[in-house]
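**Q** Pasting a predicted model and its sequence here:
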Amino acid sequence: MNGMDDLLKKYAKKLVDAGLATARGPGAPLMGGLDQDLTWNRSAPEIPVLEQVFLQLNINSLAFVRPAPPYDRIIGFLADRALKGPGRTQHEDAGFSRGKIMPQDCETRTFLHDLPVVESFDANTVCRALKQRKTVIVQAKGKNENFQGPAVIVPGTVSPEQGFVHISSVCFACFVKFFSDYLSELKKGCADREMDQVFDQALPFLQTDTPQTPHLMPGPFAGEKQVIAAMDQAGRQIVADGLVDSYFGNISFCTNNTLYISQTGAPLDELPGCIDPVPLDGSSSAGITASSELSAHLETIARTGCRAILHGHPRFSVIGSMDCDPEIKAACAFNTRCHTHCPVPRAIKTTPIVPGEVGTGQFGLCHTLPRAFEKSDTVIVYGHGIFATGKTDFIKAFSNMTAVEHLCKIHYIEQVRKLRDINHGNRTS
Amino acid sequence: MYGWTGKIAWIDLTRQKTNTLSLSPDTYARFLGGKGMGGFFLRPCAELAWDHPDMPVCLFTGPLTATIAPTSGRSHMVSLSPLTGLVADASMGGKIGVQLKRAGWDGLVITGKSKCPVGIEIQDSRITLMPAAHLWGLPTNMVHDALSPGRAGLACIGPAGENGVRFAAVIVDRYHAAGRTGLGLNLGTKKIKYIRVSGTGSTRVKDPDRLKQARADIFRLTAASPALMGRFGFSCMGTGAMYDLMDNRCMMPTDNFAATRFAFAGQLNAHAYAKTYAPKKHGCKGCHILCKKIAGQPSSGPAMPEFETMSHFTALVGCRDKELVMRANQLCNNLGMDTISAASVLACFREITGTNFTPRSLLNMLEEIALDRGDGKALKNGAAAWAQSMGTPGAAMAVKGLDLPAYDPRGAYGMALGFAMSTRGGCHLRAYPIAHEILRKPVATDRFSFSGKARIIKIAEDLNAVVDSLTACKFTFFAAGLEEYARAISAVTGKDFTAQDLLATGEKIVYNERIINSLNKFDARHDDLPERFFKQPGTGCDQFSVPPIDRTAFLAARQAYYAVRELTQTGLPVREKAEKLGLEWHG
Ligand SMILES: [Zn+2]
């Protein structure tokens, strides 16, 4: 059960299913696992270099992916800018330092810190970066031209799942960063042609049709079995619809004075066996393995009387939540701490945006989110994702989350069109 | 130097002299501090008997101690174990580490034997040996009362350490124990009743801004950790939060590991204690997690029991009385005994003799052990020695003489391998697989499989050796990693450390311990679990069963571990590897 080979296959498939890698060809995930012996999920010309990486690092697995479109173009673009370093133009200082992409979303901020980029696919260079950080992006240049980048390399010390999770986070972070940067550069009138091109190439990959509402189990649910089945169904749907990546996001349902909540690090498409029943009276601490947002869920339920909570990281909601007028932002005293200190009451249409970090720290979202639910049954957390509540089942919460994301996406694209028209007018006149 | 003070005090009790040792910056970088530095000083004495006058007892801080790096205020004690004959080492909480560093010392190396009971008083650079005959025989709480250390850090032993109890503990700052492997007896044999330290200096930090950044990254990660800062995490509930979880996962050692579920667990969890005793938060110096709990009722009450104590003084010994657990915990602390080994020897006694305990008889027996009376005379040597003497060695639930903590290995195979391989015997903290097998960090692994576990355990042992050398708290590593701590160390010392550099250092520290143990004739025969786990199933539940561990799979995982650790097939270190790691080789 769950031998290393099975794990390599499982997480390679998950990368493909998430649209982060292709099923075949040089873009297919390459996963290596080492216990006593080293095994790979497929043969590949990169293996000799990656074997050297295994020798130099104290690790048990390695994932290598050339991201599928549109991530290849987006990551390649950001990697190039990172290699050029800051100061190429006065506007680009934020978000890059030499050899590093510095996204501002919550996944990166909390777990990856920054994304190192290297120019050469050789073991020493790759290891130098991986000795310090969990991921490295290889964007080979010059002498190493036969290497096709960009590629993301991620080791694991426990399981190939770490490779899957962090590659997924790199793609998420770069996606969010590019679209955020592009919008803000457009607003400043500084987006260059290359950015326009990257956007144009990525656009066909964004589904802009009005989303279908899936058929989810209607409540009320009788007993634990039904609750778990409903959570399982909603979780799978969130993943299938691309509303969350890897093991992020969480789900809960409250019934019979018990909160059923997904465990920490539980992939939402694999929930059965990963749901903790947490008695509301606190009489058991078995919920120690529950989601890091347990406190926010409990508090939200106490304040609003809702029963169902869904949380995902839909990308355009995250991008939209960080959208801020560049002039106002430049003048704001909190502009380096937007995610915790944003002083302006913000919203996308009627959906409020609140600051707050993961968990229960001083600036944790458990202090901001539950209050926001008193006015709206869908709330966006700055740079992080959407929380949506439902009274008896997941149907309304799900459709609200989807609707907000769709709205954010359409709104984003409209803004870009308008700004490009204005900028284009400026450029040609 | 930044980070380290560059000064180590060598205290020779026989000659009543103190010298200052200084090591090269390179040696500091290679062994860091804490456990690593202790092993460095233990290695040349590896073949001496644990009670030989020249056998050192080392107490070391690390480069992060007394800085703002989170949870770095700990220290680590190292010697050779009277209980196991292996390396003895235990992490110490409280504030003694911070005080020692502030006093200008990276660590103490104590050799020789005093003729009369002695206290070691350290105030900045001044080290004095004080007569302590008037404190000899006193329980640790009374030693604390008598010396009223105030801001100073105080480590002391109780009667157990004086009376030859092989699992005697060192009690630090009233509430914290360096519990395992019998270090209290190491001190007792040297006639050291206490060590009191206070200092007025500070740790030199090369780049305070970078350290602040590293600290912020670590804080952010711990805030995102349900196990640490969540509603049921260690900060709110103490380590007792694990009690429900272990019951729920069918991993609670019950009736001396005959079963893995305990019918009364629901009434004896952290919540039940919180209702009765209204615990308050307390912590080690320099910690933001504050997992330690002190009873609020009665006011300024005793330390609340840690998870292991809660579990072993109920399920393991067949008792179901919170008040008994509170009193047994307090008694063990006052008498200066490791609660895990104390409960284990009682559970072993119960199994062999068929005698059930009443609260009164249990507390009485704890006292007999510490005071070397009655049945205690035999039991003070630990479960393994006692079961052997009774002709039923299989009734001692220990690995290499160290009694197993409250995680049944049939419910977590990484834990099974970790218990068997640990250089100090049956210990959960050396590889701490609870992180991924139970708490799902950094990701979850299949707890009923050995697949991949050999390398996972090896890497985790290396990591935890670093943590114990820095010296930091293991709990933080449920959330943060060496990635973040490497930045903290680099900021403090001004030397560039990466996470992988540190893991390589950890590998060296563990291999050094393997060498020390091999010199004391330990090999694959000892890297094993009690037979019970391969023969008898645990207690399952509706969702899953808990079968016995497949012996063949275990042995295969052990061979894989030896290969990964670069030991021989019989678990012995090899010269080539030792030299590659820059370790001294014998012969
Ligand atoms: Zn989230």
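**A** That came in fine, so what should we check first?
**Q** residue contacts, residue 154?
**A** As the question left the chain open, I've gone with chain A. A:62-63, A:134-136, A:162-163, A:166-167, A:170 (C-beta atoms under 8 Å, 6 or more residues apart in numbering or on different chains). (Each C-beta comes from the backbone N, C-alpha and C, glycine too.)
**Q** look at chain B instead
**A** Counting by C-beta under 8 Å, 6+ apart, residue B:154 has contacts B:96, B:143-144, B:147, B:172-174, B:194-197.
**Q** re the thing from before, show me the contacts of residue A:154 that map onto strands.
**A** Per DSSP state E, strands hold the following members of the contacts of residue A:154: A:62-63, A:136.
**Q** Please convert these to TSV, extending it with pLDDT.
**A** Output for the ones in strands among the contacts of residue A:154, formatted as TSV (pLDDT from 0 to 100):
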residue	pLDDT
A:62	98
A:63	98
A:136	98
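**Q** so which of the contacts of residue A:154 also contact chain B?
**A** The subset of the contacts of residue A:154 within reach of chain B, by C-beta under 8 Å from any C-beta of the partner chain, is A:134, A:162.
**Q** Please identify, among the contacts of residue A:154, the one with the most neighbours.
**A** Greatest neighbour count in the contacts of residue A:154, by other C-beta atoms under 10 Å in any protein chain shown, goes to residue A:163: 33 neighbours.
**Q** sorry, back to before: show me which of the contacts of residue B:154 are buried.
**A** Buried members of these, scored by 16 or more other C-beta atoms under 10 Å in any protein chain shown, are B:96, B:143-144, B:147, B:172-174, B:194-197.
**Q** How about chain A: which residue is closest to chain B?
**A** The nearest approach of chain A to chain B comes at residue A:361, 2.9 Å away (C-beta to the nearest C-beta).
**Q** can you tell me which residues contact the closest residue to that residue other than its chain neighbours?
**A** Sequence neighbours aside, residue B:223 is the residue nearest to residue A:361 in space, at 2.9 Å (criterion: C-beta to C-beta, 6 or more residues apart in numbering or on different chains). Residues in contact with residue B:223 (C-beta under 8 Å, 6+ apart) are A:357-362, A:364, B:229.
**Q** what helix or strand is the closest residue to residue A:213 other than its chain neighbours on?
**A** What sits nearest to residue A:213 in space, not counting adjacent residues and going by C-beta to C-beta, 6+ apart, is residue A:399, at 5.0 Å. Assigned by DSSP states H and E, residue A:399 falls within helix A:395-428.
**Q** Mind giving me the packing neighbours of that helix?
**A** Packing partners of helix A:395-428 (3 or more C-beta pairs under 8 Å, 6 or more residues apart in numbering or on different chains; DSSP states H and E): helix A:161-188, helix A:223-240, strand A:308-312, helix A:315-321, strand A:346-348, strand A:378-381, strand A:385-390.
**Q** Enumerate the beta-bridge partners assigned to residue B:130.
**A** residue B:119 (DSSP bridges).
**Q** Just the buried residues of the strand or helix carrying residue B:514, please?
**A** Using DSSP H and E, residue B:514 sits within helix B:499-519. By 16+ other C-beta under 10 Å, the buried positions in helix B:499-519 come out as B:499-518.
**Q** Next: stretch A:325-341.
**A** A:326, A:329, A:332, A:338-340.
**Q** Show the end-to-end separation of that stretch, please.
**A** The first and final residues of stretch A:325-341 sit 16 Å from each other (C-alpha to C-alpha, to the nearest Å).
**Q** Does that stretch reach chain B?
**A** No: using C-beta under 8 Å from any C-beta, stretch A:325-341 stays clear of chain B, coming no nearer than 10.0 Å.
**Q** ok, residue A:319 - contacts?
**A** A:176, A:179-180, A:183, A:408, A:412.
**Q** What of residue A:403?
**A** residue A:211.
**Q** how close does it get to residue B:202?
**A** Separation of residue A:403 from residue B:202 (C-beta to C-beta, to the nearest Å) stands at 56 Å.
**Q** which bits of the stretch 301-450 of chain B sit near chain A?
**A** B:436, B:438-446, B:448-449.
**Q** In helices only, show me those.
**A** residue B:436 (DSSP state H).
**Q** From the residues of the stretch 301-450 of chain B next to chain A, list the buried ones, please.
**A** Using 16+ other C-beta under 10 Å as the burial test, these include B:436, B:438-446, B:448-449 as buried.
**Q** Between which two of these is the distance greatest?
**A** B:442 and B:448 (19.6 Å; C-beta to C-beta).
**Q** does residue 110 sit in a helix, a strand or a coil?
**A** In the absence of a named chain, chain A is used. Judged by DSSP: H, G, I helix; E, B strand; the rest coil, the three-state class of residue A:110 is helix.
**Q** that answer is for a different chain, and I need it for chain B
**A** Per three-state DSSP, residue B:110 ends up strand.
**Q** Run a quick check on it versus residue B:118, I expect a contact.
**A** No: using C-beta atoms under 8 Å, residue B:110 makes no contact with residue B:118, being 10.3 Å away.
**Q** Need the residues touching each of these two.
**A** With C-beta under 8 Å, 6+ apart as the test, residue B:110 and residue B:118 both reach B:13, B:192.
**Q** show me the contacts for the closest residue to residue A:22 other than its chain neighbours.
**A** Once flanking residues are discounted, residue A:22 sits nearest to residue A:68: 5.1 Å by C-beta to C-beta, 6+ apart. Contacts for residue A:68 (C-beta under 8 Å, 6+ apart) come out as A:19-22, A:27.
**Q** 6 Å - rerun?
**A** Under the criterion of C-beta atoms under 6 Å, 6 or more residues apart in numbering or on different chains, the contact list for residue A:68 reads A:21-22, A:27.
**Q** Those residues in strands, which ones?
**A** Counting by DSSP E, the contacts of residue A:68 contribute nothing to strands.
**Q** which one of the residues you listed has the most neighbours?
**A** residue A:21 (27 neighbours).
**Q** ok now do that residue, which residues does it touch?
**A** A:15, A:27, A:29, A:65, A:68.
**Q** mind checking which helix or strand the last one is in?
**A** Counting by DSSP H and E, no helix or strand carries residue A:68.
**Q** count of neighbours near the residue in the stretch 1-150 of chain B that chain A sits nearest to?
**A** Of all residues in the stretch 1-150 of chain B, residue B:70 sits closest to chain A, at 12.3 Å by C-beta to the nearest C-beta. Counted with other C-beta under 10 Å, the neighbours of residue B:70 add up to 27.
**Q** Neighbouring strands of the helix or strand of chain A with the lowest mean pLDDT in the sheet, and parallel or not?
**A** The weakest-scoring helix or strand in chain A, judged by mean pLDDT, DSSP states H and E, is strand A:96-97 (a mean of 74). Paired strands of strand A:96-97, with direction, are strand A:100-101 (antiparallel) (DSSP bridges).
**Q** Identify the residues contacting residue 161.
**A** Using chain A here. Here residue A:161 is in contact with A:11, B:443 (criterion: C-beta under 6 Å, 6+ apart).
**Q** try again with chain B
**A** So, once contact is read as C-beta under 6 Å, 6+ apart, residue B:161 ends up touching B:168, B:184-185, B:187-188, B:336.
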